[in-house]
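Engineer: coordinates for the following, if possible.
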Amino acid sequence: MENTNVTNVVLDKKIEGYSFEKNDFIAPQEITITITLAEYRELVKKVATRDADIDKANADKYKREDEIKELTEEVAELKAKLYELQNEKKEQKEQKENIF
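Structural biologist: Residues are numbered from 1 along each chain as shown. Okay, here's the model as predicted:
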């Protein structure tokens, strides 16, 4: 009977998704680990460093995306200008041929 109650407590905890209020709750027969303060500090340091690196990478990504957008627009403008110049050159050539 006691085993059923323990199972229910563990299942209730897992169903609730380990919400913030119950992060420090240890259900009976649940596997836990213990770490030293130095290990905890190292984990926190790694997470903080990783978050900073991710933020830096995202900022760089957005900067590059802006550059790509500007360059794409410039390419489109240059293609349009080239098309116009080719048409003008073609028209001039046709006019010269019509004159002769």
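Engineer: now the strands for this protein?
Structural biologist: Assigned by DSSP state E, the chain shows no strands.
Engineer: mind giving me the domain split of it?
Structural biologist: 1-32, 34-100 (automatic domain parsing).
Engineer: mind putting those into JSON lines with mean neighbour count and mean pLDDT?
Structural biologist: From N, CA and C alone the C-beta is placed, and that goes for glycine too. Formatted as JSON lines, the domains of the chain follow (neighbours: other Cβ atoms under 10 Å; pLDDT from 0 to 100):
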{"stretch": "domain 1-32", "mean neighbour count": "10", "mean pLDDT": "61"}
{"stretch": "domain 34-100", "mean neighbour count": "10", "mean pLDDT": "91"}
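Engineer: ok, which stretches of the chain are helices?
Structural biologist: For the chain, the helices defined by DSSP state H occupy 2-15, 37-99.
Engineer: which stretch among the ones you listed comes nearest I31?
Structural biologist: helix 2-15 (10.6 Å; Cβ to Cβ).
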